[in-house]
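have a look at this fold, sequence not included:
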């Protein structure tokens, strides 16, 4: 188990496909701060609300010099449907092997209705222009989260 990431740490590099199968890296967003949010599953109630909340503040995030990127374990076909259904204007990355989720320490053992399984713990990382972690939100509660992230981005 690697040490937990902290504000000020270098953000782990990523190199995984988006919903079109195009490889995305942190360098793809040169000159922008990145709002990297990890969510458990496409088109489920909490994840839909969180993604739509980010969609709704996207123009403010862009004005603040940021870019939004979602990450889940879902494949690109699932991401394409999710984006189309809710009009999401930002890329969703497919971390099907959980490599990026593990690097960011968000791939955790979960327990639902007495059943244990591995999955993503809802978390958001704000990465500054130097590629360092500017803000970290773990065990995210969806209500009001997009606004909290926007404030951290502007800080």
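Looks like it came in fine. All values derive from a computational prediction rather than experimental measurement.

can you list the residues that contact the longest helix along the chain?
The longest helix of the chain (DSSP state H) is helix 45-63. The contact list for helix 45-63 (Cβ atoms under 8 Å, 6 or more residues apart in numbering) reads 35, 37, 39-41, 67-68, 70, 72, 82, 86-90, 122, 140, 142, 145-147, 149-150, 153. C-beta coordinates here come from the backbone N, C-alpha and C atoms, glycine included.

helix, strand, or coil at the spatially most central residue of the chain?
For the chain, the residue whose C-alpha lies nearest the mean C-alpha position (Cα atoms, centre = their mean) is residue 37; its distance is 1.7 Å. Put simply, residue 37 is strand when judged by DSSP: H, G, I helix; E, B strand; the rest coil.

just checking, it touches residue 67?
No. In this structure, residue 37 is not within contact of residue 67 by Cβ atoms under 8 Å, at 11.5 Å.

rewinding a little: how far off centre is the longest helix of the chain?
11 Å (Cα atoms, centre = their mean, to the nearest Å).

quick one: mean pLDDT over that helix.
For helix 45-63, mean pLDDT rounds to 96.
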